[in-house]
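# Requesting a structural model of the entry that follows:
(one chain, ligands or ions: 1)
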Amino acid sequence: MDYKRILTIQDISCVGQCSLTAALPILSACGLETGILPSAVLSNHTGGFSGWTFADLTEEMPKIKEQWKKENIDFSAVYTGYLGSAKQIDYVLDIAKDCLKSGGKLICDPAMADNGKLYAGFDDNFVESMKKLAFRADIILPNITEACLLTGMEYRESYDRDYIDELIGKLSKSGAKTIVLTGVSFNPKTTGVSVYENNKYSYYEHRKIAGGCHGTGDVYASAFTGAVENGMSAYDAAVIAADFTLSCIENTIDDKSHWYGVKFEPVLGELIKALGINC
Ligand code: PXL
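Sure thing, here's the model as predicted:
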């Protein structure tokens, strides 16, 4: 395998095992040099804590990009997660235009919503901007809520395969290329991921652990990106990321004091093994 340098753009939640504090160790474990562009610095994430500090880094982004251009720094892939403002999305598109190597992949986790609701601080204007990034990307990883926001489809708690087909069809028609739709559950005991790649639909189903944990979307997207950048197809990467995320949840779910994230660090060895990386 080539030694690759990739870039991930998302916030630093100083505490919370999400966004960059999850992406960076996971991508490093996948054997990738990982440059970062923090979109904002928060004391902690916004999902379940009573408050947080927020330092917006929007105006740093074009300055950092200009400096990278001067140094001829480019990346084999750009992977985006939680972004702090609609304006940042334009900057991210510009960075992908100027700093992504020819043939490199833009991978977008449109992290903005879950369980039928936008995260705190996001609005319709942000959703409109996210459409530009999601439909330009080579691979998107929305959950069902995010896919509904991107397509205007009604969010449903329970659904059948026709609903998922319609959602994927609408994403594809709007310009999405490879689609990895997460959290697709057709019965209470299992969940899974629907992958649409090269006009082919596949589904990977696995055990569902009741309760769920915060930050699993970021852990999933990071492991997925790591696997794709190790040369795997989207489906194979989706399977590896799903198995890894499930192990992270299993490692966490019994510890009720650990509600804010998943204890992914002790399980990184499983991901390294699944990718066949020799340490
Ligand atoms: O895990 C997604 C995420 C990332 N970053 C911040 C968040 C969230 C979800 O709530 O608040 C700051």
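
# what does this structure put close to the ligand?
11, 13, 18-19, 42, 45-47, 82, 111, 119, 215, 217-218 (CB under 6 Å from any ligand atom). Where you see a C-beta, it was placed from the backbone N, CA and C, and this is true even at glycine.

# The residues you listed: which two are farthest apart?
Farthest-apart pair in the residues of the chain next to the ligand is 42 and 217; separation 16.3 Å (CB to CB).

# What ranges in the protein fall below the confidence cut-off?
Judged against pLDDT under 70, the low-scoring parts of the chain cover residues 1.

# Could you rerun that using 50?
In the predicted model, the chain carries no residue with pLDDT under 50.

# Would you state the strands of it in chain order?
Listed from the start of the chain, the chain has strands (DSSP state E) covering 5-15, 33-44, 54-56, 75-80, 100-108, 113-114, 117-118, 139-140, 178-181, 190-197, 200-207.

# Mean neighbour count added to these, as JSON lines?
As requested, the strands of the chain are arranged in JSON lines below (neighbours: other CB atoms under 10 Å):
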{"stretch": "strand 5-15", "mean neighbour count": "22"}
{"stretch": "strand 33-44", "mean neighbour count": "19"}
{"stretch": "strand 54-56", "mean neighbour count": "13"}
{"stretch": "strand 75-80", "mean neighbour count": "25"}
{"stretch": "strand 100-108", "mean neighbour count": "18"}
{"stretch": "strand 113-114", "mean neighbour count": "20"}
{"stretch": "strand 117-118", "mean neighbour count": "13"}
{"stretch": "strand 139-140", "mean neighbour count": "27"}
{"stretch": "strand 178-181", "mean neighbour count": "24"}
{"stretch": "strand 190-197", "mean neighbour count": "21"}
{"stretch": "strand 200-207", "mean neighbour count": "14"}
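
# Kindly reformat the ones you listed as TSV containing distance to residue 67.
As requested, those are exported to TSV (distance: least, CB to CB, whole Å):
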stretch	distance to residue 67
strand 5-15	13
strand 33-44	11
strand 54-56	19
strand 75-80	14
strand 100-108	17
strand 113-114	33
strand 117-118	33
strand 139-140	27
strand 178-181	31
strand 190-197	36
strand 200-207	41
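
# Give me the buried subset of the residues of the chain next to the ligand.
Neighbour-count burial within the residues of the chain next to the ligand applies to 11, 13, 18-19, 42, 45-47, 82, 111, 215, 217-218; the criterion is 16 or more other CB atoms under 10 Å.

# Can you give me the neighbour number for the residue lying closest to residue 212 once chain neighbours are set aside?
Of all residues beyond its chain neighbours, the one nearest residue 212 is residue 249 (7.4 Å), with distances taken as CB to CB, 6 or more residues apart in numbering. Using other CB atoms under 10 Å, the number of residues around residue 249 comes to 21.

# so residue 249 sits right up against residue 214, yeah?
No - at 10.6 Å, residue 249 and residue 214 do not qualify as touching, with contact defined as CB atoms under 8 Å.

# Find the residues that touch each one of the two.
Common contact partners of residue 249 and residue 214 (CB atoms under 8 Å, 6 or more residues apart in numbering): residue 262.

# Looking at the protein, which helix is longest?
For the chain, the longest helix by residue count, based on DSSP state H, is helix 234-250.
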